[in-house]
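Visitor: Structural data only, the sequence is not supplied:
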């Protein structure tokens, strides 16, 4: 159904409608948190279609398949499925994968190349470190992988890497002078296996367009309008591709919020968005500033926070919803006390306001913080789930089956072969495997080819091992032949039976094996749904290749298989981006935690501030913030101060019990430590409790300097008062009444007490 301009105006506010109808050239839509960014992008594409733009010439790029799918469904409701289905819409990786599949031969691959996920890349890097006889305590695979990813996202190939003096010096400084050897071998092995990792999908698209100008021109002529969502999250490689494709048509619209750029560790470059107007002539800027999600107080608090960032596109987000309550900030004695405090608050919220558990989320800076929170919630019998845990397709039993399927499609895929060559166990041990892969590398052929005829390649294995290798080769060839003529569901079913996977899981009825079998059944359900949905759409692309493409290109959000039971959500602040909850708890707002202790520059500090901004703006009705005055980290209790970011928020929007007095001391502190900006409290004089070393029998010395009636602070239990002291020397005990935990008897030799005078 077509929508008239009048109807659009009824659906969109004035600013949104202005952004939708401008299609004369380049534009940037700066969308504040909760301002209806997806709605604007959806209706902009629908409007283009209604204005006569052909759907097959419109390219829309997103960061998750889920976002692309939902947007396409919304567009179909406006303009009809017949138009919407022809749009080029998907994630950067899925769209570029589509292009690379078509043009693979131009860059030395076949169209059936495998996509390596993070675990495949990790396995390959580990084996290369071992092969090159490098110390894995220095060449840690995570560090190596991060360096490889960073190089690729900046379009630095191994050949180019050798010319970068600064990078070579950095490797030497990091005691990894052989990094580029690993990088070069990693790329060569991937290519030998006819495989690409996720970063390669961007790197090789750039290489394709650079080295094959006719291919670039073909796609430049194909697209008449390019739209990009979440532009603040793009890296250099994505930025260059988008601008190359838009060179001829001149119609490009980017949408995003610079205040929510939080993924620099993944290669995202905020400068892509900040400099967009300067690098594109006659670029129109539209600001979406009305927040439809949060209360006025939450929006204003977030505004006052982000205004402290210097590098940003100015906007003044506002809300017309209720004023709402001020953000409550609570200082806790310890991380243990913080967990107790949050669990109690949630318990009371649910009891008093009858809200659903699913309306509540607890956000933290690092995953390690979840442990104490989980323990506290369990003690209160409060149901919770960890968001962003192991995705369905990363479970071992699922990855094992997918490895078989990938090997059927791409017999050169060495990482898949490594995974299943001896699963289920078939007597092909590590030594034999090493000989097979070494021979394959030396002969420049696939390991499966070696296994087809070990004797022909003079493989040094005995007759029994030779037969085992050949049997496995025969199994894979028979399955491969079957896969040529059958759909993905039938092939997977045969693999599970013929390879002996189901038999292996049926050897016992342990809960773990039952769970694995249930997961395999869920995989079969997923493949069945894949086949059904394609057939219903009139497509016969239900083969193994197309199913594996969908699985390989799915993101964490697409794979979220968590149940729909009402539970409190626990997650990192990074994982919360794009989500919203009625009630948000932000924990661990302390210096050296949030912002991270890893911050070494103003630029990094600004990103940490943006992360806090994202956390606050997830809240619709209320936001609660806690910090601990002591936290057990790195094997010891560490005392901490409230995060400097708390003092970036205007007083009017916070319920913060700490005093803001002593401004003179605060000013001096700012001058001495430029990044530090904290409220100064007026603490009471304190002295740490220390054991007395001599044998004097005085009452004071017997009790480690403690006496009945003293007010004390404990790093875990908080404030309390001494009720009684008994015992002598190392056996001296004190009965203390704590404000929040009641009476506890503590052995003074080990008690972490501070006396408050």
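Guide: All right, it came through fine. All of these numbers come straight from a predicted model, not from anything done at the bench. Numbering: from 1, shown residues only.
Visitor: Please make it C-alpha for all contacts and neighbour counts, starting now.
Guide: OK.
Visitor: residues contacting the residue nearest to the spatial centre of the chain?
Guide: The centre of the chain sits closest to residue 575, judged by Cα atoms, centre = their mean, with a distance of 5.5 Å. Applying Cα atoms under 8 Å, 6 or more residues apart in numbering to residue 575 gives the contacts 387-388.
Visitor: That one - that's part of a strand, no?
Guide: No: counting by DSSP: H, G, I helix; E, B strand; the rest coil, residue 575 falls outside a strand, being coil.
Visitor: So which residues of the stretch 351-500 of the chain form strands?
Guide: Using DSSP state E, counting those that start in this stretch, the strands of the stretch 351-500 of the chain run over 360-364, 384-386.
Visitor: Highest mean neighbour count out of these?
Guide: The highest average neighbour count among those, using mean count of other Cα atoms under 10 Å, belongs to strand 360-364 at a mean of 26.
Visitor: Identify all contacting residues around it.
Guide: Contact partners of strand 360-364, identified using Cα under 8 Å, 6+ apart, comprise 370, 568-573, 576, 581-588, 615.
Visitor: still on that earlier bit, ranking the strands of the stretch 351-500 of the chain by mean pLDDT, which is last?
Guide: Lowest mean pLDDT of the strands of the stretch 351-500 of the chain: strand 384-386, a mean of 89.
Visitor: what helices or strands is that strand leaning on?
Guide: In this structure, strand 384-386 packs against strand 568-572, with contacts taken as 3 or more Cα pairs under 8 Å, 6 or more residues apart in numbering; DSSP states H and E.
Visitor: Going by contacts, tell me the helices and strands next to the strand it packs on.
Guide: Going by 3+ Cα pairs under 8 Å, 6+ apart, strand 568-572 lies up against strand 360-364, strand 384-386.
Visitor: among those, which is nearest residue 549?
Guide: strand 384-386 (27.5 Å; Cα to Cα).
Visitor: Sheet-wise, list the partners of that closest one with their directions.
Guide: strand 568-572 (parallel) (DSSP bridges).
Visitor: Residues touching the strand it pairs with, excluding its own?
Guide: Contacts to strand 568-572, defined as Cα under 8 Å, 6+ apart, come from residues 357-367, 370, 382-388.
Visitor: can you put the helices and strands packed on strand 568-572 in JSON lines and add distance to residue 336?
Guide: Shown next, in JSON lines, are these (distance: least, Cα to Cα, whole Å):
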{"stretch": "strand 360-364", "distance to residue 336": "15"}
{"stretch": "strand 384-386", "distance to residue 336": "18"}
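Visitor: quick one: residue 168 from residue 282, how far?
Guide: Using Cα to Cα, to the nearest Å, residue 168 is found at 41 Å from residue 282.
Visitor: neighbour count winner among those two?
Guide: More neighbours surround residue 168 than the other of residue 168 and residue 282, with 18 against 12 (other Cα atoms under 10 Å).
Visitor: Average pLDDT for the host helix or strand of that one, rounded please.
Guide: Element membership of residue 168, judged by DSSP states H and E, is helix 165-173. The pLDDT scores in helix 165-173 average 91.
Visitor: Show which residues not belonging to that helix make contact with it.
Guide: Residues outside helix 165-173 that contact it (Cα under 8 Å, 6+ apart): 161-162, 177-179.
Visitor: One more: stretch 42-61?
Guide: Contacts for stretch 42-61 (Cα under 8 Å, 6+ apart): 2, 19-21, 23, 68, 71-72, 74-75, 78-79, 83-84, 86-92, 95, 222-229.
Visitor: Assign a three-state SS to residue 254, would you?
Guide: For residue 254, the assignment made with three-state DSSP gives strand.
Visitor: Cheers, nothing more for now.
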